[in-house]
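>>> when you get a sec, could you give me coordinates for this:
(one chain, ligands or ions: 1)
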Amino acid sequence: MRTRVKICGITRTEDAMAAITAGADAIGLVFYPPSPRAVTITQAAQIVKDLPPFVSVVGLFVNPTQDELTEALAQVRLDLIQFHGDETAQMCEASGCPYIKAVRMRPDVDLLDLDKQFASASGLLLDSYQKGTPGGTGETFEWQRIPSSLRERIILAGGLSPDNVESAIHQVKPYAVDVSGGVEQAKGIKDHTKIKAFMRGVERANRETD
Ligand SMILES: O=C(O)c1ccccc1NCC(=O)[C@H](O)[C@H](O)COP(=O)(O)O
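Here you go, the predicted structure:
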């Protein structure tokens, strides 16, 4: 099956369009004010309004309140929520929206157990662990830690770039890959040439595994 692609940390319509034109399946909008990639609800609503059909929109939150989620869901068409904090499965389910759960790959993470805990998630997004940083670290982790039985549930993230995405897909064979920093020219500003190069890497990997 073709590896899906999400480009995360979109803050501008032109970057969303560059991602989609290059073949990305989804864009990610960061609703976490301390992030340099954060968007307001008003900015997010405008970006989404400008999108063509058949593009998934993922809203990223870190330990949001139910009121914050309700407000964002009322004003922005979000297909999925990406919970990127310490949320429990119950909290994620309470949003009433399909969700993916980000897992920061601390040394003690038991992915098989987490997959059971978050059985209601549409997938598990695996990101690198860095103390004190909730995500978007730009670092990779040891991909061999991912059990092959979970491949179809995995969205591989953390430090992916045009240089390593082909090899990452070969090694992990995930359902999808997720990139933010690896296709930026500055935090929150995407580099359209890097987006195209990233997508070419994904396409090469997909062709080789056909
Ligand atoms: O991007 C952020 O600033 C951020 C802040 C807080 C939580 C998560 C954050 N980003 C996560 C992502 O953008 C992606 O889902 C993913 O982890 C890829 O990041 P990167 O390593 O930069 O490719």
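>>> tell me which residues form a beta bridge with the most centrally placed residue in the chain?
Note on the chain: the residue nearest the mean C-alpha position is residue 178, at 4.6 Å, using C-alpha atoms, centre = their mean. Beta-bridge partners recorded for residue 178 (DSSP bridges): residue 6.
>>> which residues are in contact with it?
5, 6, 7, 8, 28, 125, 155, 156, 157, 160 (C-beta atoms under 8 Å, 6 or more residues apart in numbering). In short, each C-beta sits where N, CA and C put it, glycine included.
>>> go again with 10 Å.
4-9, 26, 28, 58, 82, 100, 102, 125-127, 155-158, 160 (C-beta atoms under 10 Å, 6 or more residues apart in numbering).
>>> over to residue 143?
105, 126, 154, 156, 158, 164, 167, 168, 170, 171, 172, 174.
>>> name the nearest of these relative to residue 65.
Nearest to residue 65 among the contacts of residue 143, counting by C-beta to C-beta, is residue 126 at 25.6 Å.
>>> so what's that closest one bridging to?
Beta-bridge partners of residue 126, as defined by DSSP bridges: residue 103, residue 156.
>>> state the phi and psi torsions of residue 192.
Note on residue 192: its backbone torsions stand at phi -70, psi -30 [degrees, to the nearest 10].
>>> quick check: it touching residue 19?
Yes - counting by C-beta atoms under 10 Å, residue 192 does reach residue 19; the two are 8.7 Å apart.
>>> residues that sit against both of these two, list them.
Counting by C-beta under 10 Å, 6+ apart, the common neighbours of residue 192 and residue 19 are residue 183.
>>> what about the two, which has more around it?
residue 19 (28 against 16; other C-beta atoms under 10 Å).
>>> tell me which other helices or strands the helix or strand hosting residue 69 touches.
Assigned by DSSP states H and E, residue 69 belongs to helix 66-75. Applying 3 or more C-beta pairs under 10 Å, 6 or more residues apart in numbering; DSSP states H and E, we find helix 66-75 packed against helix 41-49, strand 56-61, strand 80-83, helix 89-94.
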